[in-house]
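Student: Coordinates for the following, if possible.
(chains A and B)
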There are 2 protein chains.
Amino acid sequence: MTDKQKYAKLKKILDDVSVYGRSIGKLYFDQSCCAPTDGLEQAGEDIAILGKQIFKLTHSKTYIQLVKELHESNEGLTDIQKKLIEHLYDDYSKTKNLSAKFAFEKDCASAKAYGDWLAAKKGNDYSLFKDTLATVIDFTRKSIELRDEKYPTLYTACIDDTEKGGSEPQLDAFFDSLKARIVPLMKKIVAEGKPIREDFLSRKCPIPVQESFSRYLLNVEGLRESALVLMTTEHPFTTNFGRQDVRVTTHYYEDMFLSNIFSTLHEGGHALFMQNEPDEFYPEHVDNHMSNAMHETISRFYENVIGRSEAFIRFVYPKLVEVAGDILSDVSERELYEGVNIARPSLIRTEADELTYCLHIAIRYELEKAFINGDITVDEIPALWNAKYKEYLGVDVPSDTEGCLQDVHWTMDFGYFPSYALGNAYGVQILRTMEKDFDVFAAVEKGELNKVRDWLKERVFSIASVSTPDEWIRAITGEGLNVKYYLDYLEEKYTKLYELK
Amino acid sequence: MTDKQKYAKLKKILDDVSVYGRSIGKLYFDQSCCAPTDGLEQAGEDIAILGKQIFKLTHSKTYIQLVKELHESNEGLTDIQKKLIEHLYDDYSKTKNLSAKFAFEKDCASAKAYGDWLAAKKGNDYSLFKDTLATVIDFTRKSIELRDEKYPTLYTACIDDTEKGGSEPQLDAFFDSLKARIVPLMKKIVAEGKPIREDFLSRKCPIPVQESFSRYLLNVEGLRESALVLMTTEHPFTTNFGRQDVRVTTHYYEDMFLSNIFSTLHEGGHALFMQNEPDEFYPEHVDNHMSNAMHETISRFYENVIGRSEAFIRFVYPKLVEVAGDILSDVSERELYEGVNIARPSLIRTEADELTYCLHIAIRYELEKAFINGDITVDEIPALWNAKYKEYLGVDVPSDTEGCLQDVHWTMDFGYFPSYALGNAYGVQILRTMEKDFDVFAAVEKGELNKVRDWLKERVFSIASVSTPDEWIRAITGEGLNVKYYLDYLEEKYTKLYELK
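Tutor: Numbering: from 1, shown residues only, chains lettered A, B, ... in the order given. Presented below is the predicted three-dimensional model:
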């Protein structure tokens, strides 16, 4: 068999894997957006059983042999195909020592953890979640220990899984840089920032109005409507099943209409990525291989760099007045801009402002690093969480629901949180490059967001799934991650906004 | 191996089948309630590929041998288990000559037909649906011809599949009886019925109001909320994944609020059946084996016999006034009762009144019987449809969207339509028996619908999945299907309502 024939044979297996992948993805989506409470347990079991099929397919002798051989020799394969083989070989190396039983039980634990987390969050009772969290952590630790590759720490493996090539010292330094400039900036705002009007932010906005405005925003972002769905859920996320079926979810709060607006812009950013990878990636199963930070780069870019800019508010203000007239009848455009940018130490990550957001992430980073590395137990999480919120943000956490139970991530993933902070930094670095090609905010002010989308499509989406994070940011901007762009941006924006000296 | 051991082995396979069954069911649900247009094609392919797995499992040598052997000897099996074996052997006999390829292609054809039907209905263009309809019909005909059993006509097999033991002559006679009394009754109403007020029926009712009223109605029907979901779709249906996860869908029209109310009561009836089979049926996979007519008995019973009764309107009127005040501010309880019972020849089956509904079914029955038996081609359907609507109902069909394209059923099923008419007749026959035990409408007037549910649970739901339609109706009412109860009920109700002489 030639390498090309081997590849064709492998692709057939991957086609089947993708059927199960999409089906499982839809079952997850269903769990979050459709299923009644009583149905969650059975759904979790079904997901795990279908997961077994993927495990079987990607651990069969034929499959492993094909991946190994194509890793050795790949004559006649396209560059994209070669990249795919790299991905697959990497995945294989990381999971080859795991039994089907182990993988199945790991999935079951996550499914159970999701249900327990929901109940714990609803009832503000960490004890309902603690034990399954410990189980999920344990499965993660074991799955790393079973690998051939030995890492400096167990958490390093989590980093490598989400941001290939990253390390603990690098992330420690990254978060130190952020804390070093954000914490004093925040203190300065608290001490001497001018007051910003905020009375209108909690005015009631009917959910149908919010819903139709969300659809408008997704349209402005440049998403293809026939390949898009918008639904509601507890914890907003975006997912896709190929480029033809992208699902954005959001959560409406009657008395916090801005929450939904920025959540939708954020998720819409993810959706843009999903709809706009190169055509040839999808049939070759190379799509969706970007790192989490790359994805968060785009979502945070649309949420903050674009969404919370003066230019975007100038564009969107008259539309918002039109649909939600009463709420903004006595609010000027400038007041709206200032209102959406209030910076203030707070409790909830997803509601946090652009300035303090990375501090929320730093806390999660430090905690998950500690419990994955075995330095702390799950029993210590709530107290440590609360202590760090006091230390970095100066706030008292009144309940675990508003504390360590607020995020869904730890029901399944560790190493994801840093992606948000990295994404923030990448986003501004990319903005500075984009600005060399056209006046970004002039376009935004005219609502011409398709220009932004098209630039991202050409320069950013086009190479993400076939690059490591470092290769990617260098190819786009000509240098590696440089957090200075982001910190300068924050300092300039907030100094001006709060009229700091 | 003992028979009990064989059964245990078979049950393990059935557990796996049910995982695929639920997953496919959820993908269908997703197609109808969530997926964007561009995603439908891929979803259809995925459904068909998962369907292949069910086919594989239920056509493996082991499976077939177990079913055959347990059909021969079933020592130590419970009655329920014996019934399940009967079902499985029957299914096996009907499909044993079909290849995996054939079954797969049949599923693909149905998936394609669904998309084509949607487009054809939307664009009022029968030509977009015609060819895939012909393909689906062809697959159905072939799948019957491939069976060992030879039927008097091909359509007889469709009847036998949906209503075991039924036949064409029996259904011909049934529909003749209906036509013989309903057509003259309708004519009498048109000629001499008193006028009924209807101006308020098309008043605009906001969709959120309709939605919350739907939830209220489902609650009144006695459904368990934690195992229930209500969503919107083009063509309402109800489905379930075990008793813990029942999904009701509806469609809201701002200017036809009654449409949603009776659709919800109807689908809620299906949901009650799904939530209330005996506990022991579910783990044994014996649930959900009732015939379609049994299911429609319950849904039509709640929609019409209960929902359109004076007693129910008396109960629900003040609640409806409360939520939708403006619409009913000048409408009396009596006017509402009369308004929901207007009988009038019309175009759309799902919007048809209780009296003419069965005529819509008679038309579909006659058409599908004809094209399955090869007496007409798909080209003839629109003209014949329109001619029959003119003949039986006296109406001109202005477009195929309002004509032969209105229903989804023919994208996958033939033989289902008669179930609605049979259900109407069974429902009234069962009512007469229920009334011997308690004053049904006195309970309904007090909103005590749990009494009705509990009676149905004990007498009707408890035996449905383990009985043929004939066994079932005899066990409940002491006699076979007797259409006279239904026709008497109609005549009495409409004579009084329209003050006929």
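Student: tell me what the lowest-mean-pLDDT helix or strand in chain A is packed against?
Tutor: One helix or strand of chain A scores below all others by mean pLDDT, DSSP states H and E: helix A:325-328, with a mean of 85. Packing partners of helix A:325-328 (3 or more C-beta pairs under 8 Å, 6 or more residues apart in numbering or on different chains; DSSP states H and E): helix A:310-323. C-beta: built from backbone N, CA, C; applies to glycine.
Student: What residues of the least confident helix or strand of chain A count as buried?
Tutor: Within helix A:325-328, the residues scored as buried using 16 or more other C-beta atoms under 10 Å in any protein chain shown are A:327-328.
Student: How about stretch A:340-355?
Tutor: So for stretch A:340-355, counting by 16+ other C-beta under 10 Å, buried means A:340-347, A:349, A:351-355.
Student: For that stretch, the averaged confidence score.
Tutor: Mean pLDDT, stretch A:340-355: 93.
Student: Quote the end-to-end distance of it.
Tutor: Start-to-end span of stretch A:340-355 (C-alpha to C-alpha, to the nearest Å) is 12 Å.
Student: Off-centre distance for it?
Tutor: 17 Å (C-alpha atoms, centre = their mean, to the nearest Å).
Student: ditto for stretch A:445-462
Tutor: On C-alpha atoms, centre = their mean, the centre of stretch A:445-462 falls 20 Å from that of its chain.
Student: for that stretch, which positions count as buried?
Tutor: Of the residues in stretch A:445-462, A:445, A:448-449, A:451-453, A:455-457, A:459-462 count as buried by neighbour count, 16+ other C-beta under 10 Å.
Student: now stretch A:189-205
Tutor: For stretch A:189-205, by 16+ other C-beta under 10 Å, it's A:189, A:193, A:196, A:200-201, A:203, A:205.
Student: Likewise for stretch A:395-410?
Tutor: Quick answer for stretch A:395-410 (16+ other C-beta under 10 Å): A:397, A:400-410.
Student: what's the answer for stretch A:425-437, then?
Tutor: A:425-431, A:433-434.
Student: Pull up the residues of the stretch 151-300 of chain A that are close to chain B.
Tutor: Applying C-beta under 8 Å from any C-beta of the partner chain, one finds that the stretch 151-300 of chain A approaches chain B through A:207-208, A:224-229, A:231, A:241-242, A:244-247.
Student: Restricted to strands, list the residues you listed.
Tutor: In this view, those that belong to strands under DSSP state E are A:228-229, A:231, A:246-247.
Student: Switch those over to TSV; also include distance to B:Ala43.
Tutor: Output for these, formatted as TSV (distance: C-beta to C-beta, whole Å):
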residue	distance to B:Ala43
A:Leu228	15
A:Val229	12
A:Met231	16
A:Val246	13
A:Arg247	12
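Student: Out of those, which two sit at the greatest distance?
Tutor: A:Met231 and A:Val246 (11.7 Å; C-beta to C-beta).
Student: The two: which is more packed in?
Tutor: Counted by other C-beta atoms under 10 Å in any protein chain shown, A:Met231 and A:Val246 do not tie: A:Val246 has more neighbours, with 28 against 16.
Student: partner residues bridging that one?
Tutor: Assessed by DSSP bridges, A:Val246 has beta-bridge partners A:Leu228, A:Asn240.
Student: which residues does it contact?
Tutor: By C-beta atoms under 8 Å, 6 or more residues apart in numbering or on different chains, A:Val246 lies in contact with A:223, A:227-229, A:238-240, A:271, A:274-275, B:36.
Student: Also A:Leu223?
Tutor: A:246, A:268, A:271-272, A:275.
Student: what about the strands in chain A?
Tutor: A:228-232, A:238-240, A:246-250.
Student: Isn't A:Ile376 up against A:Lys369?
Tutor: No. Counting by C-beta atoms under 8 Å, A:Ile376 stays clear of A:Lys369, with 9.7 Å between them.
Student: Compare these two (neighbour count), which wins?
Tutor: Taking neighbours as other C-beta under 10 Å, A:Ile376 and A:Lys369 compare with A:Lys369 leading, 24 against 16.
Student: Now the spatially most central residue of chain A: closest residue in space, sequence neighbours ignored.
Tutor: What sits nearest the mean C-alpha location of chain A, by C-alpha atoms, centre = their mean, is A:Glu296, with 4.7 Å. Nearest residue to A:Glu296, sequence neighbours excluded (C-beta to C-beta, 6 or more residues apart in numbering or on different chains): A:Gly423, at 3.0 Å.
Student: which residues touch the one you found?
Tutor: A:Gly423 neighbours (C-beta under 8 Å, 6+ apart): A:293-301.
Student: closest point of the stretch 251-400 of chain A to chain B, which residue?
Tutor: A:Gln275 (9.8 Å; C-beta to the nearest C-beta).
Student: ok, that residue touching A:Asp245?
Tutor: No. At 9.8 Å, A:Gln275 does not count as touching A:Asp245 under the criterion of C-beta under 8 Å.
Student: Now A:Ile144: closest residue in space, sequence neighbours ignored.
Tutor: A:Ala157 (4.3 Å).
Student: now the one you found: how far from chain B?
Tutor: Relative to chain B, A:Ala157 is positioned 31 Å away (C-beta to the nearest C-beta, to the nearest Å).
Student: Run a quick neighbour tally on that residue.
Tutor: 23.
Student: which residues sit in contact with it?
Tutor: A:144, A:147, A:149, A:151.
Student: do the same with A:Thr477
Tutor: Here A:Thr477 is in contact with A:429-430, A:432-433 (C-beta under 8 Å, 6+ apart).
Student: Serialize these to TSV and add fields for pLDDT and distance to chain B.
Tutor: Shown next, in TSV, are those (pLDDT from 0 to 100; distance: C-beta to the nearest C-beta, whole Å):
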residue	pLDDT	distance to chain B
A:Gln429	98	33
A:Ile430	98	28
A:Arg432	98	35
A:Thr433	98	32
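Student: Pick out the residue in the stretch 151-300 of chain A sitting closest to chain B.
Tutor: Closest point on the stretch 151-300 of chain A to chain B, by C-beta to the nearest C-beta, is A:Asp245, at 2.9 Å.
Student: mind checking pLDDT for the closest residue to that residue other than its chain neighbours?
Tutor: Computed as C-beta to C-beta, 6+ apart, the closest residue to A:Asp245 that is not its neighbour in sequence is B:Gly39, at 2.9 Å. pLDDT for B:Gly39: 94.
Student: burial count for B:Gly39?
Tutor: B:Gly39 has 26 nearby residues by other C-beta under 10 Å.
Student: so it touches A:Gly242, yeah?
Tutor: Yes. The criterion here is C-beta under 8 Å, and B:Gly39 meets it with A:Gly242 at 7.4 Å.
Student: Just the buried residues from the contacts of A:Ala157, in PyMOL please.
Tutor: Selection of buried members from the contacts of A:Ala157 for PyMOL, criterion 16+ other C-beta under 10 Å:
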select buried, chain A and resi 144+151
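Student: pLDDT added to the contacts of A:Ala157, as a markdown table?
Tutor: Putting those into a markdown table (pLDDT from 0 to 100) gives the following:
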| residue | pLDDT |
| --- | --- |
| A:Ile144 | 96 |
| A:Arg147 | 96 |
| A:Glu149 | 93 |
| A:Tyr151 | 95 |
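Student: Farthest pair within the contacts of A:Ala157?
Tutor: A:Ile144 and A:Glu149 (9.0 Å).
Student: which one of A:Gln275 and A:Asp245 has more residues nearby?
Tutor: Comparing A:Gln275 with A:Asp245 by neighbour count (other C-beta under 10 Å), the higher total belongs to A:Asp245, at 28 against 22.
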